[in-house]
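1. how would this look folded up:
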Amino acid sequence: MRSRLPLAVILFAILLASCAGTPSVIVSVAGETVPMVLSSTTVRTGCSAEHGDTFPRDVPLTTVHAPTPAMLHIEAGQGATGIRGWIYDIDTPMASGGSIEEFTLSGRSGDHEARSIMPARTYVVVNVIWSSLVTGGEVTHVFRLRFEPS
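-> Numbering: from 1, shown residues only. Sure, this is the predicted structure:
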């Protein structure tokens, strides 16, 4: 009779991977951490997908005294495979409703020089893509950021 240990190890690894949570994300500008609010999550498995949205009302406003163009430093937690961001000008939105700048960072962390950010205006949104052995998904956070000349 063969040992069932290899099968047990594989099943345990799959169970452990499926229990992993979504990665955390930290955005900082000029050394200051920007508080964020969870906006949406998507979790995909081999058999199904679940998506949930929230519509946060009280997103904290962070005022940063730093020169522009602004350097956003983004760090995501364990399991993150990529970071996407969309910058929206809340004070002067585009007629299309779209973002004024988009960016993609590969891996768990990186810097993005946001060239479209102007002083005294408010901006938002970062999305982290993650995967583990048998699950994957995305988690989106919203933040409000206002730059003032330093």
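2. can you give me the strands for the protein?
-> 25-29, 32-34, 37-44, 49-53, 61-65, 70-76, 80-87, 101-106, 109-114, 122-123, 126-131, 136-142, 144-148 (DSSP state E).
3. Other residues contacting the shortest one?
-> Contact with strand 122-123 is made by 61, 87, 88, 89, 90, 91, 114, 117, 144, 145, 146, as judged by CB atoms under 8 Å, 6 or more residues apart in numbering. Quick note: C-beta positions are derived from backbone N, CA and C, even for glycine.
4. Check the average confidence over that strand, would you?
-> The pLDDT scores in strand 122-123 average 72.
5. what does the third one give?
-> Mean pLDDT, taken over the full extent of strand 37-44, equals 83.
6. picking up where we left off before, among the strands of the chain, which gets the worst mean confidence?
-> Minimum mean pLDDT among the strands of the chain: strand 122-123, a mean of 72.
7. got JSON lines for the strands of the chain, with distance to residue 3 and mean neighbour count too?
-> Shown next, in JSON lines, are those (distance: least, CB to CB, whole Å; neighbours: other CB atoms under 10 Å):
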{"stretch": "strand 25-29", "distance to residue 3": "42", "mean neighbour count": "19"}
{"stretch": "strand 32-34", "distance to residue 3": "50", "mean neighbour count": "15"}
{"stretch": "strand 37-44", "distance to residue 3": "33", "mean neighbour count": "16"}
{"stretch": "strand 49-53", "distance to residue 3": "36", "mean neighbour count": "10"}
{"stretch": "strand 61-65", "distance to residue 3": "56", "mean neighbour count": "14"}
{"stretch": "strand 70-76", "distance to residue 3": "39", "mean neighbour count": "20"}
{"stretch": "strand 80-87", "distance to residue 3": "34", "mean neighbour count": "19"}
{"stretch": "strand 101-106", "distance to residue 3": "40", "mean neighbour count": "14"}
{"stretch": "strand 109-114", "distance to residue 3": "42", "mean neighbour count": "15"}
{"stretch": "strand 122-123", "distance to residue 3": "57", "mean neighbour count": "22"}
{"stretch": "strand 126-131", "distance to residue 3": "30", "mean neighbour count": "22"}
{"stretch": "strand 136-142", "distance to residue 3": "31", "mean neighbour count": "20"}
{"stretch": "strand 144-148", "distance to residue 3": "56", "mean neighbour count": "18"}
